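Asks: Take a look and give me a structure for this.
(2 chains, ligands or ions: 5)
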Amino acid sequence: MAKYCAVGKRADKDSKEYNICDESRSELLPILEKIQDKRGYISDKDMQQIADRLGIHPVEVYSVVTFYSFLNSEKAGKHTIRVSNCISSVMKGSKRIVREFEKELGINIGETTRDKKITLKEISCIGMCDLAPAVMVDSQLVGRVTTQKVKDIVKELKR
Amino acid sequence: MDKKKRPFSEKTSRAPVSQRPQSFEKTAKGALGATVKVIIDDIELHVPMGTTILEAAKSINVNIPTLCQHDDLCLAGVCRVCIVEVEDQKTLQASCAYPITVPIKVKTYSPKVRRGRRNIIQLLLRNHYGECYSCSKNNNCELQSLAKEYGVKSYTFGHIEEPRYEQDNSSYSVERDMNKCVLCRRCVRTCIDLQEVGVLEAVEKGAETRIATYLDKPLNDVICINCGQCINRCPTGALKAKDPAEEVWAAIDDPAKHVIIQTAPSPRAAIGEEFGLAPGTSVTKQLNTALRRMGFDKVFDTNFTADLTIMEEGTELLLKLRDVLVNKKKIALPQFTSCSPGWVKYIEHFYPDKLGHVSTAKSPQQMFGAIVKTWYAEREGIDPADIVSVSLMPCSAKKFECERPEMDDSGFKDVDFALTTRELAGMIKECGMDLPNLPKSEFDNPLGTGTGAALIFGTTGGVMEAAIRTVYEIVTGEEVPFNKLRVTPVRGTEGIREAALPVKKAKKEWKFLEGVTLKVMVGHGTANAKKIMDMLCRGELSGYHFIEIMACPGGCLGGGGQPIPTSPEIREARAKAIYKEEEGLPYRKSHENPFIKLIYKEFLKEGPCGDLSHKLLHTKYTPRGKWIGKKKVAKRLIAV
Ligand code: SF4
Ligand code: SF4
Ligand code: SF4
Ligand code: FES
Ligand code: FES
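Replies: Ligands and ions are numbered 1, 2, ... in the order given. I've put the predicted structure just below:
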């Protein structure tokens, strides 16, 4: 039961898995980033285990994970399309781009296609006001998106 | 605020630095160079360096409105209601978070401030879905007063028409309606910093921000200990305790039911606040009259079973000491108190492997329930099935406690309903009674006599003091060596306190305690409980015998069901009232209570910790673990 004792010694499997080195809360973001990279999302188990190791509460980890758009608390598709919804993108018609994506993919914003390939999300600032409306496909930025570009992106990802 | 009065040590707080109380070294008044000049609304004053504008203004009775600021909690600076104009600063400044380090000129009600403040309040109201007249906080709501006092006459930015969130009524103790939440994060700071339970946090961002539990689970499915401290600090009606008033009225109105009520000590020292009395005014005897007039058939005193708790818990401790010192058995010491259901759930969640340390004695509320439906029913010739047992408690966790499935040793549900101070005050008001001006009357017997030792259960250190008075006298045959029985080392408001009491001249049957120094510790607020438990885990408590822990800051008198607002000063005033009332009582040691002697003669014939006591007055605990979700530590009950 030592696992539940705040100062008890623990098996070091977790340390390796989560790359924990000094068990302080300032390590939280780097750890979350690593897990996000590795698995594509941060699971319930991860959140609680990390909280336990860093001596914070699971709800605090959850708070951080939900705060950042690039961290997922649920399984996402293989690819993620993020449509900017900042003010200049909206003025340049990002809502239409969203609808276009929804039509092409057959899902609503925030959802993942049934084959678990593509997730569609909205995102705030990605630093592309000058190229609005902007879209981020995985880690690649696409500016001045048109309906034609939407079709191309989806075709490319579906291949 | 006086820094010494803060309930918890700032140095050891585990909260992120940004959430911790900001502290500045303040030099004594008048010391050269240590003060700084500030002009607030043309009034000139000198304040110690680092004083916030808000504190400075308060000291000259200039009122600046606040919302997210709370005397028990660290700064947050999130609501901006406290904005003021500081000369030469481009923007309005949050006065609660502005330490004065250079001479400044402040205006607290200039046109710019008034307009800005009104806008902020109107923006808060924009997203606030609630109707005051059906709200638990009606007439005691900080948001409502702000709107009234600072000139809100219309919804300039509109007003939300539909609720956005479902209410969470899953918990036995705490109900959450996030439609009324203004995101001040007082509950978050309470639960994480003050209580170290960590149930609530702000999740998502921007317009989506909301206060949520882990994975947005219902409160009943997470690790909430039901302490209700978040309720006491919420400025709005977003958090409230589950109110059984209607069920209690139905029982009172049913002539076939015999409805009794037990009242705990701390509500009696606080309920007056709900009727406009100053904190620290006891209205015990007026309350008795009110309860009778409301229609309760008998009005009893929880202090009776608090005395019983001391007998059981004290005996349990002495037996354990004998087993360890004489029979050389391996027994978990120190023994922890078990009266605070918030603390019990805390240890079940966070230190389930240490449950063996917790006394098996039930809390006074539950002992009372078990006695009423057995001894009392038998004596009075009433069918226990017709008895409705109600309790008046300072505590929201008592609601969960009386719902625990194991609390049915009388053959019935031991306590049917637990009312909080606030809820009972509401019921009394509904009857049109002016509590402070009612005639005085006494409790009913046989369950209406309690000693001073039981009365001080209401404050932190009280259970320990009561136990010391009795245990010391049992062992040595002499009174505790303190002036007027005041065991001062365990009194006070420090988060963790200790005392050591050498035993001299032990009686024959307790000879093994001769020369032993009894070491005890007292902690209040679960953040301090955590510190004590961590000491225990590190093996630093091996020399200790008995530890009292109360989940709420200040003990029961600061419970989650007590009148709102709460602050260190209010809690101190309540404690003073309790200590004062105590010294005027005829009996001040639990074992001297004549009705305690009677119950051990008539009913619990084998004495404390005998078989019948064990059946009715002791309980088992559930190791719950802190894992939220499917994975449980164990389903079985640990018999300790
Ligand atoms: S929380 Fe306050 S402002 Fe809101 S409905 Fe209740 S009393 Fe009114
Ligand atoms: S009742 Fe206590 S443990 Fe539960 S959420 Fe409120 S402060 Fe936290
Ligand atoms: S629930 Fe109450 S205390 Fe918590 S953030 Fe909302 S208004 Fe503030
Ligand atoms: S504000 Fe538009 S991308 Fe940053
Ligand atoms: S009271 Fe100052 S920002 Fe809320």
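Asks: Nearest residue to residue 69 in space, please, no chain neighbours.
Replies: No chain was given, so I picked chain A. Distances taken as Cβ to Cβ, 6 or more residues apart in numbering or on different chains put residue A:123 closest to residue A:69, at 4.8 Å, once the chain neighbours are dropped. All C-beta atoms are positioned from the backbone trio N, CA, C, and that covers glycine.
Asks: that's the wrong chain, I wanted chain B
Replies: On the basis of Cβ to Cβ, 6+ apart, the spatially nearest residue to residue B:69 that is not a chain neighbour turns out to be residue B:96, at 4.4 Å.
Asks: Contacts only, for the one you found.
Replies: Residue B:96 sits next to B:52-54, B:66, B:68-69, B:75, B:77, B:82 when contact means Cβ atoms under 8 Å, 6 or more residues apart in numbering or on different chains.
Asks: Not counting sequence-adjacent ones, nearest residue to residue A:64?
Replies: Taking Cβ to Cβ, 6+ apart as the measure, residue A:64 lies nearest to residue A:28, with 6.2 Å between them; neighbours along the chain are not counted.
Asks: Give me the residues contacting the helix or strand containing that neighbour.
Replies: The secondary structure element spanning residue A:28 is helix A:28-39 (assigned by DSSP states H and E). With contacts defined as Cβ under 8 Å, 6+ apart, helix A:28-39 is touched by A:18-20, A:42, A:46, A:50, A:54, A:56, A:61, A:64-65, A:68, A:70-72.
Asks: Compute the first-to-last residue distance for stretch A:133-145.
Replies: 6 Å (Cα to Cα, to the nearest Å).
Asks: Does it reach ligand 4?
Replies: No - contact of stretch A:133-145 with ligand 4 is not found when judged by Cβ under 6 Å from any ligand atom; the minimum separation is 6.6 Å.
Asks: Can you pull out the low-pLDDT segments for the chain?
Replies: Using chain A here. In the predicted model of chain A, residues A:1-17, A:19-23 satisfy pLDDT under 70.
Asks: oops, chain B please
Replies: Confidence mapping of chain B against pLDDT under 70 gives the ranges B:1-33, B:630-640.
Asks: Any chance you could spot the residue sitting in the middle of it?
Replies: Centroid-nearest residue in chain B, with Cα atoms, centre = their mean: residue B:559, separated by 2.0 Å.
Asks: which residues touch that residue?
Replies: Listed by Cβ under 8 Å, 6+ apart, the contact partners of residue B:559 are B:227-228, B:266, B:393-396, B:420-421, B:552.
Asks: Provide a complete list of residue ranges assigned to strands in chain A.
Replies: Shown for chain A, the strands assigned by DSSP state E span residues A:79-84, A:118-123, A:135-137, A:140-142.
Asks: and the last one, what does it pack onto?
Replies: When you say that, I think you mean strand A:140-142. Packed against strand A:140-142 by the contact rule (3 or more Cβ pairs under 8 Å, 6 or more residues apart in numbering or on different chains; DSSP states H and E) you find strand A:135-137.
Asks: swap the cut-off to 10 Å and go again
Replies: In this structure, strand A:140-142 packs against strand A:79-84, strand A:135-137, helix A:147-158, with contacts taken as 3 or more Cβ pairs under 10 Å, 6 or more residues apart in numbering or on different chains; DSSP states H and E.
Asks: Tally up the residues packed near residue B:183, please.
Replies: Taking other Cβ atoms under 10 Å in any protein chain shown as the neighbour definition, residue B:183 ends up with a count of 18.
Asks: Can you name the residues that contact it?
Replies: Shown here is residue B:183, whose contacts under the criterion Cβ atoms under 10 Å, 6 or more residues apart in numbering or on different chains are B:67-68, B:78-79, B:124, B:127, B:202, B:209-211, B:238.
Asks: and those, which of them are in helices?
Replies: Judged by DSSP state H, the subset of those located in helices is residue B:124.
Asks: Which members of the contacts of residue B:183 are positioned in strands?
Replies: When DSSP E is applied, the contacts of residue B:183 are split such that B:202, B:210-211 fall in strands.
Asks: which stretches of the stretch 301-450 of chain B form helices?
Replies: Listed in chain order, the helices of the stretch 301-450 of chain B (DSSP state H, counting those that start in this stretch) span residues B:302-325, B:341-350, B:364-371, B:377-380, B:397-403, B:421-430.
Asks: Switch those helices over to TSV; also include distance to ligand 1 and mean neighbour count.
Replies: Shown next, in TSV, are the helices of the stretch 301-450 of chain B (distance: least, Cβ to the nearest ligand atom, whole Å; neighbours: other Cβ atoms under 10 Å in any protein chain shown):
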stretch	distance to ligand 1	mean neighbour count
helix B:302-325	31	24
helix B:341-350	25	26
helix B:364-371	30	28
helix B:377-380	42	14
helix B:397-403	21	26
helix B:421-430	14	20
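Asks: Redo the ones you listed as JSON lines? Include distance to residue B:449.
Replies: As requested, these are exported to JSON lines (distance: least, Cβ to Cβ, whole Å):
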{"stretch": "helix B:302-325", "distance to residue B:449": "6"}
{"stretch": "helix B:341-350", "distance to residue B:449": "24"}
{"stretch": "helix B:364-371", "distance to residue B:449": "13"}
{"stretch": "helix B:377-380", "distance to residue B:449": "15"}
{"stretch": "helix B:397-403", "distance to residue B:449": "22"}
{"stretch": "helix B:421-430", "distance to residue B:449": "22"}
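Asks: Of these, which is nearest ligand 4?
Replies: helix B:341-350 (42.5 Å; Cβ to the nearest ligand atom).
Asks: Pull the closest one out as PDB, backbone CA atoms only.
Replies: What follows is helix B:341-350 as a C-alpha-only set of coordinates in PDB (Å, rounded to 0.1, in the frame of the first residue of the first chain):
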ATOM      1  CA  PRO B 341     -16.400  12.900   9.400                       C
ATOM      2  CA  GLY B 342     -14.500  15.100   7.000                       C
ATOM      3  CA  TRP B 343     -11.300  14.000   8.500                       C
ATOM      4  CA  VAL B 344     -12.400  10.300   8.500                       C
ATOM      5  CA  LYS B 345     -13.200  10.500   4.800                       C
ATOM      6  CA  TYR B 346      -9.900  12.300   4.200                       C
ATOM      7  CA  ILE B 347      -7.900   9.500   5.700                       C
ATOM      8  CA  GLU B 348     -10.000   6.800   4.000                       C
ATOM      9  CA  HIS B 349      -9.000   8.400   0.700                       C
ATOM     10  CA  PHE B 350      -5.500   9.600   1.200                       C
END
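Asks: could you check the angle helix B:364-371 makes with that helix?
Replies: Computed by axes from the mean of the first three to the mean of the last three Cα atoms, to 10 degrees, the angle separating helix B:341-350 from helix B:364-371 equals 100 degrees.
Asks: elements contacting helix B:341-350?
Replies: Checking 3+ Cβ pairs under 10 Å, 6+ apart, helix B:341-350 ends up next to strand B:335-336, helix B:397-403, helix B:526-537, strand B:546-550.
Asks: how big is the angle separating that helix from helix B:526-537?
Replies: Here helix B:341-350 runs at an angle of 50 degrees relative to helix B:526-537 (the same axes, to 10 degrees).
Asks: Not counting its neighbours along the chain, what's nearest the residue nearest to the centre of chain B?
Replies: Residue B:559's closest residue in space is residue B:394 (Cβ to Cβ, 6+ apart), at 3.4 Å.
Asks: Count residues in the vicinity of the one you found, would you?
Replies: Counted with other Cβ under 10 Å, the neighbours of residue B:394 add up to 29.
Asks: And the next helix or strand past the helix or strand where residue B:54 lies?
Replies: Assessed by DSSP H and E, residue B:54 sits inside helix B:53-59. Per DSSP H and E, helix B:53-59 leads on to strand B:83-86 as the next helix or strand towards the C-terminus.
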